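K.L.:
Output the structure for:
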Amino acid sequence: MKTNEHISRYEEIAYLIAKRIVSGDIKENDKLRGRSLLSSEYNVSSETVRKAMQLLSNYNVVSVKERSGIYVSSMSHAKDYIKHFELHRSNKNIVLETKNLLDQSFKINQQLEKKFKQIVNTYEKDVFPFQYFTCYIADDSKLINQTIESLDFYNHTGGLIFAIELDGLLTQVPSPKTIITSQMTLYILGDKRVKDKTFMLINN
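P.N.:
Below is the predicted model:
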């Protein structure tokens, strides 16, 4: 089994032993080999084997008999542990994959934000051939608390809001559900005609 860095090694050893019990390789009432032999077999420390046995004992898969050894108690409980382990592993993997995707998304957004800042700070038309302007949302603007979608901005002005800035944070291609707030700056693609219509929309 490939080791999962988010699953403890002793949990994996317990899982492997439970699988052997369910497969019939190790039968109910069989005495398990000593810790040293098991640690050699699975290439782990005796302490890892001890923890694995304790875990299986907690699930009533094995029973530890003083001065006698460890015996298999129940194949049924071994199945229960296997189900628990596989669900636990699946959930861990989902969490890890989600975290990785969020990390990737964060890095991509940082890169995109950097590019957009380069764009909006570039004034030479041969480098940035699109006309754009900014629109600052004052504290008394009637647009506050409206969403970009509800503004029906393109149909009213012919312009496109391609970025917003708030508290120094630039967000590219904002969601239509983005709520307009006070002190927000809108970055709008459009010519003077679009600009005039935009300020008419804001002021009327």
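
K.L.:
make it CA atoms for all contacts and neighbour counts henceforth
P.N.:
Noted.

K.L.:
measure residue 104 to residue 76 for me?
P.N.:
42 Å (C-alpha to C-alpha, to the nearest Å).

K.L.:
brain fart, residue 186
P.N.:
Distance, residue 186 to residue 76, by C-alpha to C-alpha: 63 Å.

K.L.:
more neighbours, the two?
P.N.:
residue 186 (21 against 15; other C-alpha atoms under 10 Å).

K.L.:
doesn't the more buried one fall inside a helix?
P.N.:
No - read with DSSP: H, G, I helix; E, B strand; the rest coil, residue 186 is strand and lies in no helix.

K.L.:
Pull the contacting residues for it.
P.N.:
Shown in contact with residue 186 (C-alpha atoms under 8 Å, 6 or more residues apart in numbering): 134, 135, 136, 137, 161, 162, 163, 164, 165.

K.L.:
And residue 153, by the same measure?
P.N.:
Residue 153 is in contact with 159, 160, counting by C-alpha under 8 Å, 6+ apart.

K.L.:
go with 7 Å
P.N.:
Residues near residue 153 by C-alpha atoms under 7 Å, 6 or more residues apart in numbering: residue 159.

K.L.:
Then the one 10 residues further on?
P.N.:
Contact analysis of residue 163 by C-alpha under 7 Å, 6+ apart lists 170, 171, 172, 173, 174, 186, 187.

K.L.:
Among the residues you listed, name the ones in strands.
P.N.:
170, 171, 172, 186, 187 (DSSP state E).
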